[in-house]
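**Student:** sequence plus the predicted model coming up.
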Amino acid sequence: MGLERLRLSLSCYFMLFLKSCAGGFVGVDVFFVISGYLISTIIYSNLQNGSFSFKDFYIRRIRRIFPALFAVLIGTFVFGWFFLTPREYETLNQQIAGGAGFISNFIFWRQSGYFDIAADKKPLLHLWSLAVEEQFYIFWPLLLWTSWKLRANLLVVTAVIAISSFGLNISKIDIDPIGAFYAPQTRFWELLIGAIVAYLTLHPQKFFSLVGSKLRDVSSIAGFSLVVGSTLLFHKALAFPGWWALIPVVGSTLLIFSGPDGIINRTLLRSKAMIWMGLISYPLYLWHWPILSLARIYLGASLSVPEDLLALAVAVILARITFLFIEKPIRHSVNGGIRLYLLIAVVLGIGIAGYFVKEANGLSARFNVPELHRENQLTGCDNVVKEGVLYPCTFGNPNSDEIILIYGDSHAGHLTSALNQELGAKYRFIFLGYGDCLQSKVEGADRDPLCQLMWGEVRKLRQKNLHAVVHAQRWGYMRSDVEKTAMEHAFMVAGLSPKKVAIVGSIPDVDLDCEIANYYIPARKKVCQRFDEQYKANESFIVETKKIKIPSNLVFVYPYEKLCPGGDCKVIEGSTSNYWDDRHMSRDGALMAIPDLIEYLRN
C-alpha cells in the first residue's frame, strides 16, 4: 500500500500542481506510465500465482473508477442546469455522455478544428485521458491472459506492442497531430512502458541484482529532473506526443524504478502532505479541471491567482469528501454486488441523461425567456477533398445557368445561408472558401495543395458566363500597404469575367458567450468585452475603400454599417442572435447586414 500511495502522490503532484506551467500537459504522460505500472503489476502477479480473474479485475476497476466519476458527472450536470446557457449546457452534456461511456478522447478528437471552442471552456476535457486508460484495460488483461496460456514471454509481448504503438505515434504526429494526441493506439505505449517496469520489478533477481542505493538516488534525481524540466520547458507548439513524449515518460520510469527509497521519493513524494494528497489524487484529478473551467465560464474571464487558488481549494475539499463518503465506502463495501450494479446503472444513467440533453440543444426551456434563435450559415457548405479531387460547395438552383461564385475565408461562408434564402431559387451558387488563397497576383504562387485545387476550380469557371463574383474576408486596416495590395488583388477576381463584382467587408468579434449568458441568466449579467481595435479596423475599411476608384461593375458592401450602427454591434435583438459565434454572423444577422448585396445580385 505504501508503494501505491507513493505512485498516487507522484501522479497528483505532476498532474495538478504543475498544470499551470506551459508544459503541464505532460502530467497525462506521467499518469499513463504510473497507471500502466500499477495495474500491470496486479495482473502479472495474479497470473503468476494463478489467481487472475477477469470478473475480479473489472469489479476492482469499476469500484475504483465509477464512484468518484459519477460524483463529478452529476455535480457538473446539476451546476450546469442552473448556471450554464443552452449552448454551454449542450456542450457540457456531450462531454458528460462521452465521459460516462469512456469515449471522451474520440469526441474531442472529432471536435478539433477552426470552430472548436477553447480548452478552458471544456469542463470535462481531462476525461480524455481516463477514456484512453479504460480503453487500454479492455484489451490488455485479455492479451496478457492469452499470452500466459500460450506460454509466451510476457515481457517480449509487452515490448513488441509498446514499440508498435510508439511507431504509430511517430508516423502519425506529422500527418494528424490531433489524432496522435487523442488516439488510443498512439498513446498505449506509455501505459506499456509502465507495464514493462512492472514486469522487471517483479523479477529483480534477473534484472536488478546489482542495483544499489546510490544508483537508485541517481535514478530518482534524473527522473524528477526530466519530468519537471519537460513541464517547465515544453509548450503547446511542440509536435506532441511524438519523440518529445519520451522525456516525461523516461522520467516517470526512472522515478518508479528508483522505488520508495530513491532520494526524491523518500524526501519529497513520501512526505505526509504528499501521501495525504495521494490518497485523494483520483477524485482530485476528476474535480480540479471542471471547477477551474466552470469558474472561467461563469465569470467570463480568466481567473486571477487568488481565484485559481480558491478553485483548487474547493477541488481539494470536494475530493476529500468524495474519497471519505463515496469512494472509500463503496470500494471496501462488503455488500458489493448490489452496489456494483447500482454504480454501473447510475453512471450509465447520467451518461444517457447527458446524451438526451445534448440532443435537446441544452434545454433552453429551463429559463423564463423565449429560446434564443441562432441560425448557422448554410449547413454542409464546405469544400470537400476526396482522393485528390475538390468538391466545392454548391447551393441554390442546380438547374440555373446564372452562376454566382462566393470566395474568401470564413467571412464569405457566413453569407451563404442568407444568400441561399433570398436568391437560391434563381441562381446557382458555388462557394470556395480558403483564406486569401485566390488573391494571389501570380496565379498558383501559393503552393498549398488545397489552394492549387481551388485554382483548378477557378480555371473551370473561366469558361462560364458568371452572373457575379462575391469576395468576402476579414479585412484589416486599409491604411496599411499590405491591405491596399490585397485590395488591388481582390479587384482581379481571380482572372474571372463576371457581370458583377461585390467585395464584402468584415465585422468585429464579440464575446457571444457573455451576450448569451446575459440573455438567459440574470445572475451572470455583466458588461461584455469589446474589441475596439477591430471596430477601428472596420471603420477604416469603410472610409478608405470609399476613396478608391473602382470599376463600374464593382461595389463595396459594408455589413458593419448595419450590424454595428454608431459603433455598437447589435449582437442580440429580441430573441434573435445576429451572431453565430464570436466572429461570424448568423443567417438572420447576415440578412439584416447585407440587404444591399442581395439587391445588387438580384437584378
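**Tutor:** Happy to help now that I have it.

**Student:** so residue 43 makes contact with residue 54?
**Tutor:** No: in this structure, residue 43 is not within contact of residue 54 by Cβ atoms under 8 Å, at 10.4 Å. Backbone N, C-alpha and C define where each C-beta goes, glycine included.

**Student:** would you say residue 467 is within a helix?
**Tutor:** No: counting by DSSP: H, G, I helix; E, B strand; the rest coil, residue 467 falls outside a helix, being strand.

**Student:** for it, which non-adjacent residue is closest in space?
**Tutor:** residue 402 (4.3 Å; Cβ to Cβ, 6 or more residues apart in numbering).

**Student:** contacting residues for the one you found?
**Tutor:** 426, 427, 428, 467 (Cβ atoms under 8 Å, 6 or more residues apart in numbering).

**Student:** list buried residues within these.
**Tutor:** 427, 428, 467 (16 or more other Cβ atoms under 10 Å).

**Student:** looking at those residues, spot the one nearest residue 509.
**Tutor:** residue 427 (30.4 Å; Cβ to Cβ).

**Student:** can you give me the strands for this structure?
**Tutor:** 384-386, 389-391, 393-396, 403-408, 428-433, 466-472, 500-504, 554-557, 572-573, 576-577, 579-581, 584-585 (DSSP state E).

**Student:** so for residue 127, which of these sits nearest?
**Tutor:** strand 579-581 (24.3 Å).

**Student:** same for that closest one, what does it pack against?
**Tutor:** helix 512-520, helix 587-593 (3 or more Cβ pairs under 8 Å, 6 or more residues apart in numbering; DSSP states H and E).

**Student:** so where is the chain shaky, pLDDT-wise?
**Tutor:** 1-23, 113-117, 204-214, 269-270, 333-338, 379-380, 444-445 (pLDDT under 70).

**Student:** what about the longest helix in it?
**Tutor:** helix 54-83 (DSSP state H).

**Student:** what residues sit buried inside it?
**Tutor:** 57, 61-63, 65-77, 79-80, 83.

**Student:** and residue 231, how close does it get to residue 491?
**Tutor:** 52 Å (Cβ to Cβ, to the nearest Å).

**Student:** repeat that for residue 570.
**Tutor:** Distance from residue 570 to residue 491, by Cβ to Cβ: 31 Å.

**Student:** tell me how far the most centrally placed residue in the chain lies from residue 94.
**Tutor:** Most central in the chain under Cα atoms, centre = their mean is residue 108, positioned 4.8 Å from the mean C-alpha point. Distance, residue 108 to residue 94, using Cβ to Cβ: 10 Å.

**Student:** please apply the same query to residue 362.
**Tutor:** 10 Å.

**Student:** cool, residue 524 as well?
**Tutor:** 21 Å.

**Student:** returning to that earlier point: name the residue in residue 231 and residue 491 with the higher neighbour count.
**Tutor:** Neighbours were counted for residue 231 and for residue 491 using other Cβ atoms under 10 Å; residue 231 has more, 24 against 14.

**Student:** any idea how far that one lies from residue 535?
**Tutor:** For residue 231 relative to residue 535 (Cβ to Cβ), the value is 40 Å.
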